[in-house]
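>>> fold the following.
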Amino acid sequence: MLALLPTRQQKRFTADILRSIEREISRYVLTISVINVVLGLALAGALMLLGIALPEALLWGTVAALLNFAPYVGPLLGIALMLLMGFVQFRDPLTAFLPALCYLALHTLEGQLVTPVVLGRSMAISPLMLILALMLFGWLWGMVGLLLAVPLLVCVKLVLTRLDGMQAGPGCWNSASQACADGLT
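Numbers count the residues shown, from 1 in each chain. Okay, here's the model as predicted:
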């Protein structure tokens, strides 16, 4: 892509945008990973409070953290697994629902409050924009759209932020360039 650009200034500008996108996407993946690990640890703690042994609770917490990477399908599968585990672990039918209810409560808290607020702050994107992007891309492309919504939103934001300061004249790739100053006089 860079080889197709005619000037060195345009290549530098484009490479700067691509590096920014790479940095922001890496930060997004790290943030989501940390949120999922915390969710898994919280579920493991809740399961231990219900009387599940530590190794089993950590196993189910790990499963929940991994499943949380897949929007909608992962948590749905996680609730089904917690329900199955509850019926195997507990004899009382009402108690058997508790692991699934704990998982549902933690996932709802994470998905509706924690993730939009944390991503909104760490990526300087409005939580409302994140939710709208998830709804739009999920509606357009289904599961793939949900996985790509935030990275695409970050890419669009970075490109628009970089292009915001550019002038409209020919050869103008940033507002401080000499070519732009010459083109405007």
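
>>> what about residue 107, how many residues nearby?
Residues lying near residue 107 (other C-beta atoms under 10 Å) number 21. Quick note: C-beta positions are derived from backbone N, CA and C, even for glycine.

>>> check residue 83 too.
Residue 83, neighbours per other C-beta under 10 Å, totals 17.

>>> hang on, isn't it packed against residue 97?
Yes: between residue 83 and residue 97 there is a contact under C-beta atoms under 8 Å: 7.0 Å.

>>> for residue 39, see how far away residue 96 is.
Applying C-beta to C-beta, to the nearest Å, the value for residue 96 to residue 39 is 22 Å.

>>> which helices and strands does the particular helix or strand that has residue 28 in it pack with?
Taking DSSP states H and E as the criterion, residue 28 maps to helix 8-49. Packing contacts for helix 8-49, counted by 3 or more C-beta pairs under 8 Å, 6 or more residues apart in numbering; DSSP states H and E, involve helix 54-67, helix 98-109, helix 115-122, helix 143-164.

>>> now for the shortest one, which elements pack on it?
Of the remaining helices and strands, those touching helix 115-122 by 3+ C-beta pairs under 8 Å, 6+ apart are helix 8-49, helix 127-141.

>>> try 10 Å this time
Judged by 3 or more C-beta pairs under 10 Å, 6 or more residues apart in numbering; DSSP states H and E, the packing partners of helix 115-122 are helix 8-49, helix 127-141, helix 143-164.
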